[in-house]
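Novice: with the sequence up front, the predicted model follows.
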Amino acid sequence: MAGFDIHFQALKNCGSAVYRLAKDFDQGYGQLKPAPRTDAALFGELEGGDALAAQIKSLEEGLIKKEFSDAAEKLRAVENALDQVEANVRAANRAAGGDK
């Protein structure tokens, strides 16, 4: 592909950065400071305080953990896409008789 220039090192650097971020998100939830214990006493005499405390605990243990996991998964997909871009460009370049 004459006249076509791509910086493979930039793709590699970007992929490495995304890999590190994905790893951080994978480990990140476990490194969060635990939230203060939420129990019904926190809400005083509020009717339904038990249910509210249970919902807060569920939110922390479920949704937030899922968000971290989803972010890591999406970052890994970006890393794989960058690898595929590099492989495709190199293959096209070879097919056109360019450098390896």
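Specialist: Done, it's in.

Novice: what about residue 59, how many residues close to it?
Specialist: 13 (other CB atoms under 10 Å). C-beta coordinates here come from the backbone N, C-alpha and C atoms, glycine included.

Novice: give me the pLDDT value at it.
Specialist: You'll see residue 59 listed with a pLDDT of 82.

Novice: quick check: it vs residue 50, distance?
Specialist: 15 Å (CB to CB, to the nearest Å).

Novice: cool, residue 42 as well?
Specialist: Where residue 50 is concerned, residue 42 sits at a distance of 11 Å (CB to CB).

Novice: what segments of this structure are helices?
Specialist: In the chain, the helices defined using DSSP state H lie at 8-31, 49-58, 65-95.

Novice: can you list the buried residues in the shortest one?
Specialist: Read that as helix 49-58. For helix 49-58, a neighbour-count test (16 or more other CB atoms under 10 Å) marks 49, 52-53 as buried.

Novice: and the first one, by the same measure?
Specialist: Within helix 8-31, the residues that count as buried by 16+ other CB under 10 Å are 11, 14-15, 18, 21-22, 25-26, 29.
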